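>>> dropping the sequence and predicted coords here.
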Amino acid sequence: MTIADLAVLPGMLAVTWTDGTLTRYPTIWLRDNCLSGLHPQTQERTLDLLSLDQSPELLAAGRAGSHVELRYADGHVSTMPLAFLDGHRPGTAAADAAAMAKTLWRADLGSVGIPRHRASSILADDAALHAWLVDTAASGLTIVEGLDDRVSAGTDIAGRIGFLRRTNFGTTFEVVSKPDPNNLAYTSVALPLHTDLPNQEVPPGYQFLHCLANGAQGGGSVFADGFAIAADLRTEDPKAFRLLSEIAIPFRFHDEGTDISVRQPVLTLDEHDDLIEVRFNAHIAGVFDMPSDRMPAYYDAYRAFMAKTRDPAYHLTLKLEAGQMVVFDNRRVLHGREAFDPSTGHRHLHGCYVDRGEFASRLRVLARHRERVVAA
């Protein structure tokens, strides 16, 4: 986008773009974002904002090639790139290569509709890595196929994104039936749909479950799009949706050496009232402690959401095979498991987490690399 006109107004600069749109930039914002206020190597801010007047006086503005030159009453001169002004219009969020539109899904997607990618391609090719990340961000659920028969094969894939998240269960964990379990995942019983570790201040972002063996009878994996469930609840029962997004409840996990708890709502919304997180795990929800006069309505809302998680209309069920790894957004996609009989065969999944921030960082870095290749 190029500029058609510049106008210096009291306390701001008015820019008219060639498409006819008008953008107003407060002078304090312009001075705060002057390139001279950034460290030349790190690009971190070095300008002391309190060293500026509350509303710096802008005297003149003019085009200078691909920049705008701004002259202030205190003698300061700024050279602002047109691309920067275009990409950071007040009132409009800057473009983010990691901000993917969410594709909601329900049972009619079917297990065959889950996006699938080859492990060898992800490990060897950044373009394949990017394609897989885009699919995973959009749908919240993908399957990686063709993993080697070794425990570290799944973490090799996760490591292509960034650092693994360490929790009280370790950096990696084994989903197997074992004696004296401290979590239901380490048993053979059925697991209702849930998100992992909602008791954490920030629950893990993306979960990776690499199937090493799945020979036991039963043990199918079940998934549901929590954003689709919440969207339907919002339409059908707005009061229930509101209560689940406004009232914080306690979540707690504790064993002999750990006691981690937090208070957060089941549904978290952003500043635009859009859903960004689901925390749902009936097994480690604490004792509800909202005022008693609000409790009946809250229980109705909580049960309404829980009932939807039990509705087959939202379920995708598949039995992972050795060499497959399911990857999903743990703060969106609910997962569960059918019961299995450990006496009929071995079932072994190897798991880890990568936080959403690491995931988004890799998407942005890959996008920058792609832009450089195209520009070259």
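Now that the structure is in, tell me what you want to look at. Numbering: from 1, shown residues only.
>>> residues of stretch 9-23 that come out buried?
Of all the residues in stretch 9-23, those buried under the rule 16 or more other Cβ atoms under 10 Å are Met12, Leu13, Val15, Trp17, Thr23. Where C-beta positions appear, they are placed from N, C-alpha and C, glycine not excepted.
>>> from the middle of its chain, how far away would it be?
Its chain's C-alpha centre and that of stretch 9-23 lie 35 Å apart, by Cα atoms, centre = their mean, to the nearest Å.
>>> just the CA atoms of that stretch, as PDB, please.
C-alpha atoms of stretch 9-23 as PDB (Å, rounded to 0.1, in the frame of the first residue of the first chain):
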ATOM      1  CA  LEU A   9      -3.000  17.600  12.700                       C
ATOM      2  CA  PRO A  10      -2.900  18.600  16.400                       C
ATOM      3  CA  GLY A  11      -1.400  15.600  18.300                       C
ATOM      4  CA  MET A  12      -1.400  13.300  15.300                       C
ATOM      5  CA  LEU A  13      -0.500  12.500  11.700                       C
ATOM      6  CA  ALA A  14      -3.300  11.700   9.200                       C
ATOM      7  CA  VAL A  15      -2.300   9.300   6.400                       C
ATOM      8  CA  THR A  16      -4.600   8.800   3.400                       C
ATOM      9  CA  TRP A  17      -3.800   5.600   1.500                       C
ATOM     10  CA  THR A  18      -4.200   5.100  -2.200                       C
ATOM     11  CA  ASP A  19      -7.300   2.900  -1.600                       C
ATOM     12  CA  GLY A  20      -8.900   5.900   0.100                       C
ATOM     13  CA  THR A  21      -8.700   4.700   3.700                       C
ATOM     14  CA  LEU A  22      -7.600   7.200   6.400                       C
ATOM     15  CA  THR A  23      -5.400   6.300   9.300                       C
END
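>>> just the residues contacting that stretch, thanks.
Stretch 9-23 is touched from outside by 1-8, 24-27, 30, 55, 58, 61, 68, 70, 85-86, 89-90, with contacts defined as Cβ atoms under 8 Å, 6 or more residues apart in numbering.
>>> cutoff 7 Å now
Residues outside stretch 9-23 that contact it (Cβ atoms under 7 Å, 6 or more residues apart in numbering): 1-7, 24-27, 30, 55, 58, 61, 85, 89-90.
>>> before we move on, what about stretch 143-158?
114, 116-120, 122-123, 164, 172, 208, 210, 212, 322-327, 350, 352, 354.
>>> pLDDT below threshold where in the stretch 201-350 of the chain?
Scanning the stretch 201-350 of the chain for pLDDT under 70 picks out nothing.
>>> show me where it has strands.
206-214, 217-218, 221-225, 249-254, 259-264, 267-269, 275-278, 316-318, 325-329, 333-337, 340-341, 347-354 (DSSP state E, counting those that start in this stretch).
>>> what's the angle between the fourth one and strand 259-264?
Using axes from the mean of the first three to the mean of the last three Cα atoms, to 10 degrees, the direction of strand 249-254 lies 170 degrees away from that of strand 259-264.
>>> which positions within strand 249-254 qualify as buried?
Applying 16+ other Cβ under 10 Å to strand 249-254 flags Ile249, Phe251, Phe253 as buried.
>>> now the strands of the stretch 201-350 of the chain as CSV including distance to Lys308?
Converted to CSV, the strands of the stretch 201-350 of the chain look like this (distance: least, Cβ to Cβ, whole Å):
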stretch, distance to Lys308
strand 206-214, 21
strand 217-218, 24
strand 221-225, 8
strand 249-254, 17
strand 259-264, 20
strand 267-269, 12
strand 275-278, 11
strand 316-318, 15
strand 325-329, 18
strand 333-337, 10
strand 340-341, 25
strand 347-354, 25
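>>> okay, buried residues for stretch 132-142 please.
For stretch 132-142, by 16+ other Cβ under 10 Å, it's Trp132, Leu133, Val134, Asp135, Thr136, Ala137, Ser139, Gly140, Leu141, Thr142.
>>> tabulate those (JSON lines), appending distance to Gly75, pLDDT and secondary structure.
Formatted as JSON lines, the buried residues of stretch 132-142 follow (distance: Cβ to Cβ, whole Å; pLDDT from 0 to 100; DSSP: H, G, I helix; E, B strand; the rest coil):
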{"residue": "Trp132", "distance to Gly75": "53", "pLDDT": "98", "secondary structure": "helix"}
{"residue": "Leu133", "distance to Gly75": "48", "pLDDT": "98", "secondary structure": "helix"}
{"residue": "Val134", "distance to Gly75": "48", "pLDDT": "97", "secondary structure": "helix"}
{"residue": "Asp135", "distance to Gly75": "53", "pLDDT": "98", "secondary structure": "helix"}
{"residue": "Thr136", "distance to Gly75": "51", "pLDDT": "98", "secondary structure": "helix"}
{"residue": "Ala137", "distance to Gly75": "47", "pLDDT": "98", "secondary structure": "helix"}
{"residue": "Ser139", "distance to Gly75": "54", "pLDDT": "98", "secondary structure": "helix"}
{"residue": "Gly140", "distance to Gly75": "53", "pLDDT": "98", "secondary structure": "coil"}
{"residue": "Leu141", "distance to Gly75": "57", "pLDDT": "98", "secondary structure": "strand"}
{"residue": "Thr142", "distance to Gly75": "56", "pLDDT": "98", "secondary structure": "strand"}
